[in-house]
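Asker: based on what follows, work out the 3D shape:
(one chain, ligands or ions: 1)
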Amino acid sequence: MLLLCETDRPHLKTLNIHRQKTDSILRKHPWVFSGAIASDTSQLDDGECVTLLDKAGQFLASGHFQHGTIAVRILRFTEGPIDAAFFTACISNAVQLRKDLGLMTSENTICRLVHGEGDQLPGLIIDFYNGVAVVQCHSIGMYRSVNHIAEALKYTLGNDLIAIYSKSSDTLPERIEAVDGYVFGSCETPHIAKEHGVQINIDWIKGQKTGFFIDQRENRHLLGKYSNGKKVLNTFCYSGGFSLSALQNGASLVHSLDSSRKAIDLTNDNIELNGFNDRHDSIVADAMEYMKDLKEEYDIIVLDPPAFAKHREKRHKAIQGYKRLNAHAIRQIRPGGIIFTFSCSQVVDKSLFNNTIIAAAIEAGRKVRILEQLHQPADHPISAFHPEGEYLKGLVIRVD
Ligand code: SAH
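Answerer: The predicted model follows:
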């Protein structure tokens, strides 16, 4: 069990905001950059709860302080404590949304329960895998609130909750020395959960991120609808989510490709778990190299690379990467073939991504039509006041 300290101190420290910097807070944007703060913050601890005031001393908001570019992540725009009751109210609200969306049923036991700013909890991600909640903190304030978060989950989920695993060592600054582990119950891994009826082994301890890329659920489901009788290449497959959906829906053959041996092992285990072995092969290779000269013809190709650009300065290079990868696929796919192509780089917006795919089609010299425009699912909501929360975009294109 982890021992973590609490954040609900009785007297919140107050910080004054420069006069010309209050607008974004009044528009309910959840981030306050360090340059907006007029008060001295040198004595503040990372993760402290602070109240923000305007120059006239009027309340603006309160949230978690952290030394760095984003100095405060706002949790409340109304006065009141950031305590156990606050977390319980926010998390109950978030869980209710997922229930309303039909994402917590016997055929679907995987969903994102809390999506940071999209659920008014900046810095907090909670993924749910058939009774196990995996908590990932992106701010020190959230990490220090893990006890409250755990209590809120227990209260809200009741008997539906088996265990809570806290996994923030990869997502917090090193100065924190975050410890990963169970904060409630425990559960053997891999743990089997379901996505639209497909069984998936989830390992939050050894796997990437919280164990699974939940954000592609509806896009994987859509791929299923195109897959009957088709030969599919799923590149950047991780644990094989797109492959499983294609096979469940009658694909004649699926090839799953990833550069990571570990990812391919996960894919193979999932294929076996669902009894799809006879229509599946896997390949350990660099996707960019492999796509240059495909050894076979495919009816469907999935391109779901990791974020090529994490920062604005890398955007140009990322665009070149997306263009090259997509041009290879468009050039070589069978006539009438379908490509599911994605970008999860937040700094590449929808229109830039679409233009990049159009440029790839021009370079490949084939006729391309856009059939569907894809995005992140409803359990990854985007706050209207925080458009930066939009990150996943994709296209389904047909190459004639
Ligand atoms: N489509 C997956 C998620 C993809 S995550 C799903 O539905 O779950 C991105 C994956 O790309 C990771 O598994 C990573 O190992 C793999 N990867 C990263 N660089 C790669 C490369 N150059 N070639 C092939 N795979 C790569």
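Asker: report how many residues lie close to residue 179.
Answerer: Counted with other CB atoms under 10 Å, residues neighbouring residue 179 total 12. (Each C-beta comes from the backbone N, C-alpha and C, glycine too.)
Asker: that one contacts residue 172, correct?
Answerer: No. Taking contacts as CB atoms under 8 Å, residue 179 lies outside contact range of residue 172: 10.5 Å.
Asker: name the nearest residue to residue 391, ignoring sequence neighbours.
Answerer: Nearest residue to residue 391 in three dimensions, chain neighbours excluded: residue 346, at 4.2 Å (CB to CB, 6 or more residues apart in numbering).
Asker: kindly confirm my reading that the one you found is in a helix.
Answerer: No. Counting by DSSP: H, G, I helix; E, B strand; the rest coil, residue 346 is not found in a helix; it is coil.
Asker: who's in contact with whichever residue of the stretch 301-400 of the chain sits closest to the ligand?
Answerer: In the stretch 301-400 of the chain, the residue that lies nearest the ligand is residue 304 (3.7 Å; CB to the nearest ligand atom). Neighbouring residues of residue 304 by CB atoms under 8 Å, 6 or more residues apart in numbering: 216, 234-237, 242, 340, 342, 344, 394.
Asker: and residue 152, by the same measure?
Answerer: By CB under 8 Å, 6+ apart, residue 152 lies in contact with 84, 87-88, 90-92.
Asker: so who does the closest residue to the ligand within the stretch 51-200 of the chain touch?
Answerer: Scanning the stretch 51-200 of the chain for proximity to the ligand using CB to the nearest ligand atom identifies residue 200 as nearest, at 9.3 Å. Residues counted as contacts of residue 200 (CB under 8 Å, 6+ apart) are 110, 192-194, 212, 239, 241, 244, 270, 273.
Asker: buried subset of the residues you listed?
Answerer: Buried members of these, counted by 16 or more other CB atoms under 10 Å: 110, 193-194, 212, 239, 241, 244, 270, 273.
Asker: and the ligand, which of these contact it?
Answerer: Here is what survives when those are matched to the ligand using CB under 6 Å from any ligand atom: 239, 241.
Asker: mind listing the helices for the stretch 1-150 of the chain?
Answerer: In the stretch 1-150 of the chain, the helices defined using DSSP state H, counting those that start in this stretch lie at 23-26, 84-100, 140-144, 146-157.
Asker: do the same with the stretch 251-400 of the chain
Answerer: Ranges of helices in the stretch 251-400 of the chain, per DSSP H, counting those that start in this stretch, are 261-273, 287-292, 315-332, 350-364.
Asker: alpha carbons of the third one, as CSV, please.
Answerer: The reference is to helix 315-332. Extracted in CSV, the C-alpha atoms of helix 315-332 (Å, rounded to 0.1, in the frame of the first residue of the first chain):
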residue,chain,number,x,y,z
ARG,A,315,5.6,19.7,-36.0
HIS,A,316,7.2,20.1,-39.4
LYS,A,317,9.2,17.0,-39.1
ALA,A,318,6.1,15.1,-37.9
ILE,A,319,4.1,16.2,-40.9
GLN,A,320,6.8,14.8,-43.2
GLY,A,321,6.6,11.5,-41.3
TYR,A,322,2.8,11.3,-41.6
LYS,A,323,3.0,12.2,-45.3
ARG,A,324,5.6,9.6,-46.1
LEU,A,325,3.9,6.8,-44.1
ASN,A,326,0.5,7.5,-45.7
ALA,A,327,1.9,7.9,-49.2
HIS,A,328,3.5,4.4,-48.9
ALA,A,329,0.1,2.9,-47.9
ILE,A,330,-1.9,4.8,-50.6
ARG,A,331,0.6,3.8,-53.3
GLN,A,332,0.5,0.1,-52.5
